[in-house]
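I'd like to go over a predicted model; first the sequence, then the structure.
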Amino acid sequence: MTPRLNLRERLIDPNSPDRRPRRAAYALPTLFTAGNLFMGYLAILKSVEGALWAAAGNYGPNRAWETAAMVIGLSVFFDGLDGRIARLTNTTSDFGRELDSLADVISFGIAPAVLAFVWGYQFLDPYTPPEIRKYLMQAGYFILFMFVCCGSMRLARFNITVNPVPRNPGRPDRKYFVGLPIPAAAGMVAAVIYAVDSVPLRGWPIITAWSALMALLAFLMVSTWRYRSFKDFSLVSPRSPKSVIVLCMVIYLFWNFSKPALLVLATVYVSSGILVRLGGLIRRWFKPSPPPAHPEHQAS
């Protein structure tokens with residue numbers, strides 16, 4: 001009985017030689033990270049290609065920008081898989097974490113910023129008053145730089161924080177991100193551009209609204225507000241019939257109505273942290289204050 005118990009202990013311990021993965025297994029999550037990096041690189045190229053095509057006077061739907069938005073969405077998918085696969089195969093490492101962060105800076109920081117600029121600012125109506133045009137372009141450069149900067153700081157904070165706790169902690173049985181994850185911010189940018197058929201913005205009022213959205217995403221990434229991480233959702237645990245039905249409905253919506261469905265999904269997730277934070281503040285404001293202590297108790 002004793003050798004069997006020792007064998008069981010060795011199999012349970014993830015650091016034991018019996019559970020140690022082969023060297024080839026470490027390449028699997030790295031491949032998904034490389035795919036994430038390639039999608040970011042491709043999104044930048046397609047953003048430039050779409051800008052050249054629009055500069056020739058083509059202000060309608062832009063196929064290159066649509067492709068850039070789609071590959072940013074694929075980057076979000078690859079980024080969500082590499083970490084899960086590394087944990088499932090017990091191949092997590094410091095090298096993989098740093099490589100993933102460097103890939104995220106390009107795929108979810110620089111690539112969406114380039115796409116957001118060429119789609120949302122570069123083709124402002126030339127009949128716009130010169131002062132408005134000047135300030136809008138300057139705001140675009142600054143806000144998109146802050147988007148990249150805040151996203152990079154969000155990744156750095158995630159790497160050095162051992163047990164992050166948001167300012168408004170949630171249920172202890174769930175896992176949360178502190179601040180908006182940079183893949184979600186990039187996904188919001190891609191979802192908006194993809195939903196409007198990649199037609200460039202021309203009027204200054206709508207570009208002003210686009211600037212406000214980009215500034216909001218930059219702020220949410222460095223905030224300490226709570227966002228669900230869904231890391232407690234297991235891919236290998238058995239699913240209930242209701243969850244299977246919901247998953248089938250989501251797949252159907254994404255397959256047939258991908259543009260509005262992805263936009264709604266991104267908007268709901270980005271708004272969830274704001275609504276939770278506002279709900280906490282409202283409850284704190286309207287929470288009845290404790291009654292003052294009796295004078296006799298204070299004297300004692």
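Looks like it came in fine. Quick caveat: nothing in here was measured; it's all calculated off a predicted structure.

For residue 273, give me its contacts.
179, 180, 220, 223, 225, 226, 227 (C-beta atoms under 8 Å, 6 or more residues apart in numbering). Placement of C-beta: from N, CA and C, glycine included.

7 Å instead, please
180, 220, 225, 226, 227 (C-beta atoms under 7 Å, 6 or more residues apart in numbering).

Top of these by number of neighbours, please.
The most crowded member of the contacts of residue 273, judged by other C-beta atoms under 10 Å, is residue 180 (27 neighbours).

Start from the N-terminal end of the protein and give the strands.
Here the chain has its strands, by DSSP state E, at 176-178, 226-228.

With distance to residue 85 and mean pLDDT added, can I get those in TSV?
Below are the strands of the chain laid out as TSV (distance: least, C-beta to C-beta, whole Å; pLDDT from 0 to 100):
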stretch	distance to residue 85	mean pLDDT
strand 176-178	20	83
strand 226-228	21	87
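
Is it possible to get TSV of those that adds distance to residue 155?
TSV is the format used below for the strands of the chain (distance: least, C-beta to C-beta, whole Å):
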stretch	distance to residue 155
strand 176-178	12
strand 226-228	15
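
Which one, of those, ends up nearest to residue 184?
strand 226-228 (7.3 Å; C-beta to C-beta).

what residues are up against the residue nearest to residue 133 when sequence neighbours are not counted?
Distances taken as C-beta to C-beta, 6 or more residues apart in numbering put residue 124 closest to residue 133, at 5.9 Å, once the chain neighbours are dropped. The contact partners of residue 124, taken as C-beta under 7 Å, 6+ apart, are 133, 136, 202, 204, 207.

how close does the first one get to residue 47?
Read that as residue 133. Distance, residue 133 to residue 47, by C-beta to C-beta, to the nearest Å: 21 Å.

Now residue 159. Nearest residue, chain neighbours left out?
Closest to residue 159 by C-beta to C-beta, 6+ apart is residue 101, at 5.9 Å.

I figured the one you found hits residue 155, correct?
Yes. Applying C-beta atoms under 7 Å, one finds residue 101 in contact with residue 155, separated by 4.8 Å.

tell me, what residue is most central in the chain?
Most central in the chain under C-alpha atoms, centre = their mean is residue 184, positioned 1.9 Å from the mean C-alpha point.

Nearest spatial neighbour of that one, chain-adjacent residues omitted?
Nearest to residue 184 is residue 269, by C-beta to C-beta, 6+ apart, at 5.6 Å.

same check, this time on residue 97
residue 159 (6.5 Å).

Now for that neighbour, how many residues are close by?
Neighbours around residue 159, by other C-beta under 10 Å: 12.

my guess is it contacts residue 99, does it?
No. The pair residue 159 and residue 99 does not pass the contact test of C-beta under 7 Å, sitting 11.6 Å apart.

for residue 210, what are its contacts?
Taking C-beta under 7 Å, 6+ apart as the test, what residue 210 contacts is 120, 201.

Am I right that residue 111 is in contact with residue 42?
No. With contact defined as C-beta under 7 Å, residue 111 does not count as touching residue 42 (8.5 Å).

Between those two, which has more neighbouring residues?
residue 111 (28 against 19).

Can you give me the distance of that one to residue 209?
When residue 111 is compared with residue 209 (using C-beta to C-beta), they lie 22 Å apart.

Ok, residue 116 next?
Distance from residue 116 to residue 209, by C-beta to C-beta: 13 Å.

who's more crowded, these two?
Higher neighbour count among residue 116 and residue 209: residue 116, with 25 against 13, using other C-beta under 10 Å.

State the pLDDT value of the closest residue to the more buried one other than its chain neighbours.
With C-beta to C-beta, 6+ apart as the criterion, residue 116 has its nearest non-adjacent residue at 5.4 Å, and that residue is residue 189. Looking at residue 189, its pLDDT stands at 96.

cool, and the one 4 residues further on?
In the predicted model, residue 193 carries a pLDDT score of 96.

Could you verify my assumption that it touches residue 120?
No. Residue 193 is not in contact with residue 120 according to C-beta under 7 Å; the separation is 8.2 Å.

neighbour count winner among these two?
Legend: neighbour count by other C-beta under 10 Å for residue 193 and residue 120, higher for residue 193 (29 against 24).
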